[in-house]
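A.B. asks: Got a predicted structure plus its sequence, pasted below:
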Amino acid sequence: MRLRFTIRDLLWLTLVVALAVRWYVDHRQQSINYVKWMSDLEECRERGLEQMTLEANDLREQITALEEKLRRAAKESPPEH
């Protein structure tokens, strides 16, 4: 038994294989990009958290300094009646 393929059959086969390969390459690239985006997102979250912590510490220091100034000012000038 001998299989017979026409040129049209081979062109269809070529098209199907090309589409399958293109889908595989595209899907793989999307997976690689997804992993990279997730690691970038995590890095941004960590940097953002560090930045927020630094800003919160600066604000605490400013509040402490202002509270100290208020205490000194309250001691220096007695309340008026």
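C.D. replies: It's in.
A.B. asks: Can you give the contact residues for stretch 46-65?
C.D. replies: Outside stretch 46-65, not one residue touches it by C-beta atoms under 8 Å, 6 or more residues apart in numbering. Every residue, glycine included, has its C-beta placed from N, CA and C.
A.B. asks: Now do it: distance to the chain's middle.
C.D. replies: Relative to its parent chain, stretch 46-65 has a centroid offset of 22 Å by C-alpha atoms, centre = their mean, to the nearest Å.
A.B. asks: Show me which positions of that stretch end up buried.
C.D. replies: Using 16 or more other C-beta atoms under 10 Å as the test for burial, stretch 46-65 gives no buried residues.
A.B. asks: Using PDB, write down the CA coordinates of it.
C.D. replies: The C-alpha trace of stretch 46-65 is given here as PDB (Å, rounded to 0.1, in the frame of the first residue of the first chain):
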ATOM      1  CA  GLU A  46      10.100  45.400  48.200                       C
ATOM      2  CA  ARG A  47      11.600  48.700  47.100                       C
ATOM      3  CA  GLY A  48       8.300  50.400  47.700                       C
ATOM      4  CA  LEU A  49       8.000  48.900  51.200                       C
ATOM      5  CA  GLU A  50      11.600  49.900  52.000                       C
ATOM      6  CA  GLN A  51      10.900  53.500  50.800                       C
ATOM      7  CA  MET A  52       7.700  53.700  52.800                       C
ATOM      8  CA  THR A  53       9.500  52.400  55.900                       C
ATOM      9  CA  LEU A  54      12.200  55.100  55.500                       C
ATOM     10  CA  GLU A  55       9.600  57.800  55.000                       C
ATOM     11  CA  ALA A  56       7.600  56.600  58.000                       C
ATOM     12  CA  ASN A  57      10.700  56.700  60.200                       C
ATOM     13  CA  ASP A  58      11.500  60.200  59.000                       C
ATOM     14  CA  LEU A  59       7.900  61.300  59.800                       C
ATOM     15  CA  ARG A  60       8.200  59.700  63.300                       C
ATOM     16  CA  GLU A  61      11.400  61.700  63.900                       C
ATOM     17  CA  GLN A  62       9.700  64.900  62.800                       C
ATOM     18  CA  ILE A  63       6.700  64.300  65.000                       C
ATOM     19  CA  THR A  64       9.000  63.600  68.000                       C
ATOM     20  CA  ALA A  65      10.900  66.800  67.300                       C
END
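A.B. asks: Great, nothing more from me.
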